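Enquirer: Provide a 3D model corresponding to the input given below.
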Amino acid sequence: MLLHVLGTAAGGGTPQWNCACPGCSGARAHPHRRRRHASLAVQAGEGRWYIVNATPDIGDQIEAEPGLHPGPGLRQTPVAGLVLTDAELDHTLGIARLREADGLEVLATAPVRQALMDRLHLGAVLGPYTSVTWRELPLRGSEPLDGGAAALHISAIPVSGKRPRYAADAPDDDAWVIALRLYDPASGTSAVYAPALAAWPDHLQQAAAEADLVIVDGTFWDDEEPRRTGISSRTATGMGHLPIDGPGGTAELLAPLDARCLYTHLNNTNPLVDPAAPQHKRLARLGIEVAHDGMEIEL
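Expert: Below you'll find the predicted structure:
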């Protein structure tokens, strides 16, 4: 199994265009601190990749990863499709950026597809440019990501019913936000990718306990960070993100795991966007890492 980390930032990226917080100011002064929106490229086969979450940065993310570059044909691309973990704008706006494709396959859960089609009218917008084929992510069992019995298998783990603001009145459904489980029959290895976590259900715990790699939501360092930094009147959990530190924080849940554990989806207010922040050493003592843009992970 081969994975490329295309981005590790929460909505807005780091730096965010209208933000002068220490994290954004530091990224402007030190370009190596810049982070694109959280995304992952998964190799499904030789010369075939699926991109997890279509962010506003998707064009730059493809250009930054040579394995995703087109060729040798004039319009031949190794990007085989997209996989969505939710319907948030920072994970879906990039779909329209791929309108030049001859065709586009998108894997998503039913409520996510419905929100994109009925609320954002994505079908009507893209119809004049390209055809979109939708596949529903399996909530029970798994299926080959790209065909073939020996292919990488994918399944969805429902995490929460957190809806995007533009679909706030949509019906409840636990599949609004999911984690992905990727399983490689050839090597017997598995990975869990969960860039947005409002809860940590038992089935996620089971998948993480069995995994070789776990990459999860690290939006906020602690629950009070949004209020303390002045970006929101709500706490981290109130905004739909489990914090890293503190009682019930995700660091407590990751530390006992045998898997390699990394954080992604960092908000610009999170002290972890500064490589010199002492919080990195605290995580290292627990055996937990912070993912960075451009990482390659092979299992």
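
Enquirer: contacts, neighbours, all on C-alpha from now
Expert: OK.

Enquirer: now do the strands in the protein.
Expert: 2-7, 39-45, 48-52, 79-83, 103-108, 131-136, 143-144, 153-160, 177-184, 189-194, 213-217, 260-264, 288-290, 296-298 (DSSP state E).

Enquirer: right, and these - which one's nearest E252?
Expert: With Cα to Cα, the closest approach to E252 among the strands of the chain belongs to strand 288-290: 10.4 Å.

Enquirer: make JSON lines from the strands of the chain and add mean pLDDT, mean neighbour count and distance to T235 to it.
Expert: Putting these into JSON lines (pLDDT from 0 to 100; neighbours: other Cα atoms under 10 Å; distance: least, Cα to Cα, whole Å) gives the following:
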{"stretch": "strand 2-7", "mean pLDDT": "98", "mean neighbour count": "22", "distance to T235": "24"}
{"stretch": "strand 39-45", "mean pLDDT": "96", "mean neighbour count": "24", "distance to T235": "24"}
{"stretch": "strand 48-52", "mean pLDDT": "97", "mean neighbour count": "23", "distance to T235": "27"}
{"stretch": "strand 79-83", "mean pLDDT": "97", "mean neighbour count": "22", "distance to T235": "29"}
{"stretch": "strand 103-108", "mean pLDDT": "97", "mean neighbour count": "20", "distance to T235": "28"}
{"stretch": "strand 131-136", "mean pLDDT": "96", "mean neighbour count": "15", "distance to T235": "33"}
{"stretch": "strand 143-144", "mean pLDDT": "94", "mean neighbour count": "18", "distance to T235": "37"}
{"stretch": "strand 153-160", "mean pLDDT": "97", "mean neighbour count": "23", "distance to T235": "17"}
{"stretch": "strand 177-184", "mean pLDDT": "98", "mean neighbour count": "24", "distance to T235": "19"}
{"stretch": "strand 189-194", "mean pLDDT": "98", "mean neighbour count": "23", "distance to T235": "20"}
{"stretch": "strand 213-217", "mean pLDDT": "98", "mean neighbour count": "24", "distance to T235": "15"}
{"stretch": "strand 260-264", "mean pLDDT": "98", "mean neighbour count": "22", "distance to T235": "19"}
{"stretch": "strand 288-290", "mean pLDDT": "98", "mean neighbour count": "19", "distance to T235": "22"}
{"stretch": "strand 296-298", "mean pLDDT": "98", "mean neighbour count": "11", "distance to T235": "32"}
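
Enquirer: between the ones you listed, which gets nearest to Q61?
Expert: Within the strands of the chain, the stretch nearest Q61 is strand 2-7; the backing value is 5.7 Å (Cα to Cα).

Enquirer: which secondary structure elements does the closest one contact?
Expert: strand 39-45, helix 58-64, strand 296-298 (3 or more Cα pairs under 8 Å, 6 or more residues apart in numbering; DSSP states H and E).
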